[in-house]
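Participant: What follows is a predicted protein model with its sequence.
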Amino acid sequence: MIGPLTTLIAYLLGSIPFGYLIVRWQRGIDVRSVGSGSIGATNVMRNLGILGFASTFILDVGKGLIAVVLASKMTSGDSTWIAAAALAAVLGHCFPVWLGFHGGKGVATGVGVFIALAPVQVILVLVIFAVVVAIWRYISLGSMVATAAFPILVYLMKHPPIQVVLGAAGAAVVIIASHHANIVRLFKGTENKLGRKKA
């Protein structure tokens with residue numbers, strides 16, 4: 001029973017809507033009603049600036065990290081439940097029960113999950129993100145490419161149990177799928193570029 005419990009805990013941790021709570025606390029508004037409608041750090045920044053972004057990002061990373069570490073401790077390192085917690089934490093952020101299953105895109109929570117699974121590979125992923133954004137200036141594209149690269153790097157460099165690779169891949173799929181609107185805009189050429197104001 002410990003394994004399923006850690007998965008439930010991971011989902012509930014992931015579903016804590018820090019961005020929503022911070023904006024509600026600071027401005028008394030629902031962050032989902034403005035900007036992109038997301039509870040993530042980027043949309044919080046549109047309302048509270050860089051401090052709001054940093055606070056939300058750190059807390060969202062933290063909940064993903066804690067969810068996986070807790071699952072590892074409680075199940076004595078069982079790879080199946082570690083992988084399940086990784087996926088559950090990201091699902092919790094993207095589909096939080098507290099907000100009618102309408103949450104963020106899971107990038108920051110994914111970073112926390114990925115750090116818990118393979119910290120060295122996360123460094124490489126951040127480099128990939130920076131390179132993609134520097135060349136094409138699309139943060140969404142950088143996020144998706146870096147996210148997709150993580151399970152591949154884990155598989156090639158770390159050779160973990162297959163459950164961990166599948167958990168990382170599952171989390172990556174959820175994060176990329178949550179960017180569906182960005183993908184449409186990228187194909188249409190209407191996605192906002194870094195440093196360029198929207199018309």
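Facilitator: Arrived safely. Residues are numbered from 1 along each chain as shown.

Participant: Only C-alpha atoms from now on, for both contacts and neighbour counts.
Facilitator: Will do.

Participant: thought Gly133 was touching Ala146?
Facilitator: Slight slip there: residue 133 is Val, not Gly. No: applying CA atoms under 8 Å as the test, Val133 and Ala146 come out as separate, 10.3 Å apart.

Participant: Pick out whichever of these two has more residues nearby.
Facilitator: Taking other CA atoms under 10 Å, Val133 and Ala146 do not tie; Ala146 has more neighbours (22 against 18).

Participant: got a list of what that one touches?
Facilitator: By CA atoms under 8 Å, 6 or more residues apart in numbering, the contact list for Ala146 reads 125-126, 128-129.

Participant: again with Leu126
Facilitator: Ala146.

Participant: Give the next helix or strand downstream of whatever helix or strand it lives in.
Facilitator: Per DSSP states H and E, Leu126 falls inside helix 119-136. Counting by DSSP H and E, the next helix or strand C-terminal to helix 119-136 is helix 139-153.

Participant: relative to helix 119-136, how tilted is that next one?
Facilitator: Taking axes from the mean of the first three to the mean of the last three CA atoms, to 10 degrees, helix 139-153 and helix 119-136 form an angle of 150 degrees between their directions.

Participant: Helix 139-153 - what's its average pLDDT?
Facilitator: Averaging pLDDT along helix 139-153 yields 97.
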